[in-house]
Each structure stands twice: as structure tokens, then as C-alpha cells.
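J.: Sequence plus predicted model, see below.
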Amino acid sequence: MKRLTRLALALLLAALPAIGRPATLDDLLTCRMSAHEFVSGLVDQQLIEPKPMRVEDNSINAFWPAHDQHLTAYGFSVFAIVGFQQDDPLFRTGSGKPIARSAYGAVVLGSQGKVEAAVRAAGNAAIVYHAAPLLTAIFCKQD
């Protein structure tokens, strides 16, 4: 009887929506889409805030994850989503030269070495670079 109750509880929990579970961005960070597709998809799913919190001189727009969302990329918590696409009203232009025609990615909490190892183990060739202490960017750009 206890096994049946445990099985029923397990099935019930598996059937519930993924409330509180992190949304993973692994499949989106494969550098096969434009910044518009990447960012607008996250906005449409209400995973990130629709307006950038910051715009860098190189036009990179940084977006916060939505208040009630926990995003991950390759097992690391996402600190911010970044992106820019030239001539796209979704993005604001910075005061300097844009980094690329289209660029996007995620800034995660983790060391560059550990993040790069996880990204490469997944077969991804995205750019991985140190963004700040304990922050690493996983980045795709198209010129």
C-alpha cells in the first residue's frame, strides 16, 4: 500500500507544471538564431524583463530575468541576458560602435574555466569570456 501511495504521489508531482523549476537556455545558446529571435522569445515567454536595464556603449543591451523566473545556462544561474540587433526597435543603440550586427548571450554566475568546460562538453562553440568577478558571458555574434 505504501508503494502504491508513493507511486501515486510521484505521478502526481510529475504531472504538475514546472513551477519553481529553472528554465534552461542551453538549446537557445547554440548561435543558430538572431539576437531578435533569442531576446524576443524570452520576452514573449515572460522569462526576462521587456526593457533593458542597461545599454553599453557598444550597444549591448542587458535584460534582467523576470522577477519570478530562475534561468540557467549549462547548469549555471543566469545573472542577465544580453543582446543587440542593428536596426531593431527591440534594442537601444549605445553611444559607440555596435559590437556586431547581431549579438546575444547570457551572463552566468561561475568562473570562466568551469563555464567554458560545461559549454564545450555540450558541443557548443559559443564565445565564453570573463565578464566580472564570478560572472562569465556565453556569447554569440554575427557580423
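T.: Arrived safely, thanks for sending. Residues are numbered from 1 along each chain as shown.

J.: The longest strand seen in the chain: what's the following helix or strand?
T.: For the chain, the strand that runs over the most residues, judged by DSSP state E, is strand 76-85. Scanning forward in sequence from strand 76-85 by DSSP states H and E, the next helix or strand is strand 102-109.

J.: residues making contact with that following strand?
T.: Residues outside strand 102-109 that contact it (Cβ atoms under 8 Å, 6 or more residues apart in numbering) are 25, 29, 33-36, 38-39, 60, 62, 71-74, 76-86, 115, 126-127, 131, 134-142. Heads up, the C-betas are built off the backbone N, CA and C, glycines and all.

J.: hmm, which of those are the buried ones?
T.: The neighbour count (16 or more other Cβ atoms under 10 Å) marks 25, 29, 33-36, 38-39, 60, 62, 71-74, 76, 78-85, 115, 126, 131, 135-141 as buried among these.

J.: what about the residue positioned nearest the centre of the chain, distance to Tyr74?
T.: The centroid of the chain falls nearest to Ala106 when counting by Cα atoms, centre = their mean (4.1 Å). Remark: distance between Ala106 and Tyr74 (Cβ to Cβ, to the nearest Å) = 9 Å.

J.: what sits in contact with each of the two?
T.: Applying Cβ under 8 Å, 6+ apart, one finds that Ala106 and Tyr74 are jointly contacted by Leu29, Ile138.

J.: For the nearest residue to Ser34 once chain neighbours are set aside, list each beta-bridge partner.
T.: The shortest distance from Ser34 to any non-neighbouring residue, by Cβ to Cβ, 6 or more residues apart in numbering, is to Ser102 (4.9 Å). Following DSSP bridges, Ser102 is listed with bridge partners Gln85, Gln142.

J.: pLDDT averaged over stretch 83-94 - what is it?
T.: Confidence for stretch 83-94, expressed as mean pLDDT, is 97.

J.: All set, thanks.
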